[in-house]
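A.B. asks: Just the structure for this:
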Amino acid sequence: MKSVIRLFLIVALVAFASTASALTIGDAFANNQSASFFTETDDAPTGEDAETTFVNNTFSADLTSPLIFVGKFDKDDGAEELMAGWSFVVTKESISVDIDGTTFNYGYTFTLYAPENYPASSAVDFVLGIKQGDLYSAFFFDNFTLDITGAYNSFNTNNGLDYSHISAFVAGAAPVPEPSTLLLLGAGIAGLAVYRRKKS
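C.D. replies: Next comes the predicted model:
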């Protein structure tokens, strides 16, 4: 009986130790709402394609269309790898935010600006990905209007490095065609009509 109790205590201690050692990178909010879903892994995806695959696979049940990578903010180099027209800014700034009657304190703010040719009322799904060493956290926000402003915390630091980079993904928004694109399309259709008339 003592050996069974001893075995039970050892299993309980191992389970508690593994739970206590799990590292959460942080928490986040955007457009004054908490994330709908959150995930993290200690096997961080490396590179834009791997991150995009990871967030699409993780949140696939909640997506109406695939997430696309729109930009990355590197801790050392700032904004980089942005899709044309997108702007992504992250600032180390302490703020307090009231969400549903509860005050939350955050250490970083971010803003994702959409290109001008996206309608101001575009509803998108948005994912904020935070990479720090081998850890990666992803926060899913659904049905947001562009532009997106928010904040996050980084609970894990490695020699003072709070994050290596932060990535932004959106799904569900389509740009409004530029007037020049519509003009070119119209000219092409008119040209085809003239060609058909001459031919007949």
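
A.B. asks: For the nearest residue to D125 once chain neighbours are set aside, the count of nearby residues, please.
C.D. replies: In this structure, D125 finds its nearest non-sequential neighbour in A171, 4.4 Å apart by Cβ to Cβ, 6 or more residues apart in numbering. C-betas here are computed from N, CA, C, even on glycine. Neighbour count for A171, taken as other Cβ atoms under 10 Å: 19.

A.B. asks: Contacts only, for A171.
C.D. replies: 63-68, 124-125 (Cβ atoms under 8 Å, 6 or more residues apart in numbering).

A.B. asks: Now, of the residues you listed, which are buried?
C.D. replies: Using 16 or more other Cβ atoms under 10 Å as the burial test, the contacts of A171 include 63, 67, 124-125 as buried.

A.B. asks: so of those residues, which ones are in strands?
C.D. replies: Counted as lying in strands by DSSP state E, out of the buried ones among the contacts of A171, are 124-125.

A.B. asks: May I see the buried ones among the contacts of A171 arranged in CSV, with pLDDT and distance to F104 as well?
C.D. replies: Formatted as CSV, these follow (pLDDT from 0 to 100; distance: Cβ to Cβ, whole Å):
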residue, pLDDT, distance to F104
L63, 86, 26
L67, 93, 25
V124, 86, 23
D125, 89, 22
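
A.B. asks: Which of the buried ones among the contacts of A171 sits closest to T145?
C.D. replies: V124 (7.8 Å; Cβ to Cβ).

A.B. asks: any idea which of the contacts of A171 is closest to A44?
C.D. replies: The closest of these, once distances to A44 are taken by Cβ to Cβ, is L67, at 17.0 Å.

A.B. asks: Taking the buried ones among the contacts of A171, tell me the two that lie furthest apart.
C.D. replies: L63 and V124, at 10.7 Å, using Cβ to Cβ across the buried ones among the contacts of A171.

A.B. asks: any idea where the helices of the protein begin and end?
C.D. replies: 2-20, 48-59, 179-199 (DSSP state H).

A.B. asks: Nice, that's everything, thank you.
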